[in-house]
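Peer 1: the amino acid sequence is not available; the structure is as follows:
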């Protein structure tokens, strides 16, 4: 934690205040609803160079008495109940993005900025649109190796400047979690929950509780007090140096099974340059076993070293070989994905496949392992 001596005026007399504890947080503002305004057509779009001056109007986001921190992109919260402040810098991207326009290159950009500033800050907040937030949180969890500080991804359903908005609570909670809790993970803060990023999915497009973590409990609950479920927090090997793996494989895809899916469609999807596929199957990992052409197409792709991971289309649940229709996939060499979300399986596959120095066998084994708490081991 960083410390600074501040001076406040009381009843016209300057009083020296004991050193206050401060935490320094970097806020990476990528875009999203949280900072949007309505345009002339009446629809939301990002507006550049607007967030910082507006935040300075909110007393909960900026204590104007702390004049020495009134830089162009530096803000400081008032003292909190625990006697701490959060000093935070906002790094605004250009252009700001609706998260539907987020790409894999943007994941690398965010991860690279975290790497550049890693030693200067106690934690990081990424302001992001909700539509692809779970993808970005999952990707960052894999790309940030040996992470020892919190990276908190958040956003809102209603822009922060509107009279009624979930953005203010989400952003404040994110600043608190990033600055004052030693949770060395990529997290999603939304509503009243702190969720593991690579376990998170967007579950509701119209609720303030838009995100859920379907297969594990929340890492922390945000009530009048913040209760951390410490038994869930990942334990890191602090002897290893933090490192960002910037590369990401783009030749990956999601293939969702549906009744009547054809061999031709599956074959077309699995053709080069495809290197990895997340197969979203039925129930506990089942696929049609009365279509030998589909199974042959899958087997042939795996022989070409395409890595295929099987996850369920269900919101909750675990993929296994309880049924013959599920075992048929594993007999072809498909990897069971356990209880990974589609977002986590996709980004994990992109991360693992980008490690060019590894053999296909090693990559396959990595996809079976629990790397960042993204799946439950049995």
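Peer 2: Nice, thanks for sending it over. Note that the structure is predicted; figures quoted are calculated from it, not measured. Numbering: from 1, shown residues only.
Peer 1: list the buried residues for the helix or strand hosting residue 85?
Peer 2: Under the criterion of DSSP states H and E, residue 85 resides in strand 84-97. Using 16 or more other Cβ atoms under 10 Å as the test for burial, strand 84-97 gives 84, 85, 86, 87, 88, 89, 90, 92, 93, 96, 97. For the C-beta atoms, the positions are set from N, CA and C on the backbone; glycine is no exception.
Peer 1: with stretch 255-268 instead?
Peer 2: 255, 257, 261, 266, 267.
Peer 1: swap in stretch 311-325?
Peer 2: 311, 312, 313, 314, 317, 318, 319, 320, 321, 325.
Peer 1: what about those residues, which are in strands?
Peer 2: Taking DSSP state E, the ones among the buried residues of stretch 311-325 that sit in strands are 311, 312.
Peer 1: closest one of the buried residues of stretch 311-325 to residue 123?
Peer 2: Proximity of the buried residues of stretch 311-325 to residue 123 was ranked by Cβ to Cβ; the top entry is residue 311 with 30.7 Å.
Peer 1: from residue 277, how far off is the nearest residue to the closest one once chain neighbours are set aside?
Peer 2: Excluding its sequence neighbours, the residue lying closest to residue 311 (Cβ to Cβ, 6 or more residues apart in numbering) is residue 337, at 3.9 Å. The gap separating residue 337 from residue 277 is 11 Å, by Cβ to Cβ, to the nearest Å.
Peer 1: can you check residue 74 too?
Peer 2: From residue 74 over to residue 277 (counting by Cβ to Cβ), the distance is 45 Å.
Peer 1: and these two? which has more neighbours close in?
Peer 2: It is residue 277, of residue 74 and residue 277, that has more neighbours when counted by other Cβ atoms under 10 Å, with 26 against 16.
Peer 1: just the element for the more buried one, please.
Peer 2: With DSSP H and E as the criterion, residue 277 is inside strand 276-281.
Peer 1: ok now that strand, how far from the chain's centre?
Peer 2: Averaging C-alpha positions (Cα atoms, centre = their mean, to the nearest Å) puts strand 276-281 20 Å from its chain's average.
Peer 1: I'd like to know which elements it is packed against.
Peer 2: Counting contacts by 3 or more Cβ pairs under 8 Å, 6 or more residues apart in numbering; DSSP states H and E, strand 276-281 packs against strand 252-256, strand 307-312, helix 324-331, helix 342-353.
Peer 1: tell me the strands beside it, with direction?
Peer 2: strand 252-256 (parallel), strand 307-312 (parallel) (DSSP bridges).
Peer 1: can I get those strands in JSON lines including distance to residue 218 and mean pLDDT?
Peer 2: Output for those, formatted as JSON lines (distance: least, Cβ to Cβ, whole Å; pLDDT from 0 to 100):
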{"stretch": "strand 252-256", "distance to residue 218": "26", "mean pLDDT": "98"}
{"stretch": "strand 307-312", "distance to residue 218": "21", "mean pLDDT": "97"}
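Peer 1: quick one: which of the helices and strands packed on strand 276-281 is nearest residue 197?
Peer 2: Of those, the one closest to residue 197 (Cβ to Cβ) turns out to be helix 342-353, at 8.7 Å.
Peer 1: average model confidence for the next helix or strand after that closest one?
Peer 2: Using DSSP H and E, the helix or strand that directly follows helix 342-353 along the chain is helix 360-368. Helix 360-368 carries an average pLDDT of 97.
Peer 1: packing partners for helix 360-368?
Peer 2: Counting contacts by 3+ Cβ pairs under 8 Å, 6+ apart, the secondary-structure elements packed against helix 360-368 are strand 307-312, strand 335-336, helix 342-353.
Peer 1: got the contact list for it?
Peer 2: For helix 360-368, contacts defined as Cβ atoms under 8 Å, 6 or more residues apart in numbering pick out 305, 307, 309, 335, 336, 337, 348, 349, 352, 353, 355, 358.
Peer 1: can I have the buried ones of those residues as a PyMOL selection?
Peer 2: Buried members of the contacts of helix 360-368, defined by 16+ other Cβ under 10 Å, are picked up in PyMOL with:
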select buried, resi 307+309+335+336+337+348+349+352+353
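Peer 1: so which of the contacts of helix 360-368 comes closest to residue 373?
Peer 2: For the contacts of helix 360-368, the nearest to residue 373 is residue 348 (11.4 Å; Cβ to Cβ).
Peer 1: one step back: in JSON lines: the contacts of helix 360-368, plus distance to residue 222.
Peer 2: Listed next are these as JSON lines, based on distance: Cβ to Cβ, whole Å:
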{"residue": "305", "distance to residue 222": "45"}
{"residue": "307", "distance to residue 222": "38"}
{"residue": "309", "distance to residue 222": "33"}
{"residue": "335", "distance to residue 222": "36"}
{"residue": "336", "distance to residue 222": "34"}
{"residue": "337", "distance to residue 222": "30"}
{"residue": "348", "distance to residue 222": "28"}
{"residue": "349", "distance to residue 222": "32"}
{"residue": "352", "distance to residue 222": "33"}
{"residue": "353", "distance to residue 222": "36"}
{"residue": "355", "distance to residue 222": "36"}
{"residue": "358", "distance to residue 222": "39"}
